[in-house]
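Engineer: A structural model of the following input is requested.
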Amino acid sequence: MEQYSTNLTDKQWQVIENIINPQKRKRKYSLRGIMDAIFYTLKTGCQWRMLPKNFAPWQSVYYYFCKWKNEGVIEELLDIIRAKVRKISGREESPSLGIIDSRSVKTSHHVDTVRGLDGNKKIKGRKQHIIVDTQGNPMSIKVHEANIHVSKGAPLSIRIYNADVLSISICNALTSDNPIKAA
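Structural biologist: Predicted structure coming up:
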């Protein structure tokens, strides 16, 4: 297989393999190759159908991406990696503080999914509310239509994160003057 800058190293794959392949059964396409294709798509922004031919067929890559997303495997992977990074840097594995911010992203008028108009930024598309820990590691990401105000969208992101981890006490909202308290 051709080497891309997005391909996993052997050490990175060892961490990921136990999470996404606990059964270790023989497969038609290697899960490492599938994961490399997903990272390639995320980094380059290419369409699924435009994946280079040396990866598994785009249908297989997309199938695993959807499967892992819907089963919560991607979130579990992020949580485990965040905990390892925090432990290496001498911090508690679970963060006690989250920082939240939002951004509006313009979408094409051909997009079938939900989109709205962010009146403040004059952007028609989607809004992302992202919570990170004090080191900048992602904790929660919520994407919805752009017309949802920060005061309504931020608590949704906090609830998503708190459904998994209840140890966080306060999220500082960078987009408002008053911190939003977690439930």
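Engineer: C-alpha from now on. contacts and neighbour counts both.
Structural biologist: Fine.
Engineer: tell me the centre residue of the protein?
Structural biologist: Centroid-nearest residue in the chain, with C-alpha atoms, centre = their mean: residue 141, separated by 6.3 Å.
Engineer: excluding covalently adjacent residues, which one is nearest to that residue?
Structural biologist: residue 130 (4.5 Å; C-alpha to C-alpha, 6 or more residues apart in numbering).
Engineer: would that neighbour count as being in a strand?
Structural biologist: Yes. Counting by DSSP: H, G, I helix; E, B strand; the rest coil, residue 130 is part of a strand.
Engineer: and stretch 28-35, which residues are buried?
Structural biologist: 31-35 (16 or more other C-alpha atoms under 10 Å).
Engineer: what's the neighbour count on residue 143?
Structural biologist: 18 (other C-alpha atoms under 10 Å).
Engineer: point me to the helix or strand that includes it.
Structural biologist: Assigned by DSSP states H and E, residue 143 falls within strand 138-145.
Engineer: for this structure, just list every one of the helices.
Structural biologist: 10-20, 31-44, 58-71, 73-88, 150-164 (DSSP state H).
Engineer: to residue 137, which of those helices lies closest?
Structural biologist: helix 73-88 (6.3 Å; C-alpha to C-alpha).
Engineer: wait, doesn't residue 65 sit right on residue 39?
Structural biologist: No. Shown here, residue 65 and residue 39 do not form a contact pair, counting by C-alpha atoms under 8 Å, at 10.3 Å.
Engineer: out of everything not next to it in sequence, what's closest to residue 39?
Structural biologist: Using C-alpha to C-alpha, 6+ apart, the closest residue to residue 39 is residue 6 (5.9 Å).
Engineer: what's near enough to touch the residue nearest to the centre of the chain?
Structural biologist: Residues near residue 141 by C-alpha atoms under 8 Å, 6 or more residues apart in numbering: 128-131, 157.
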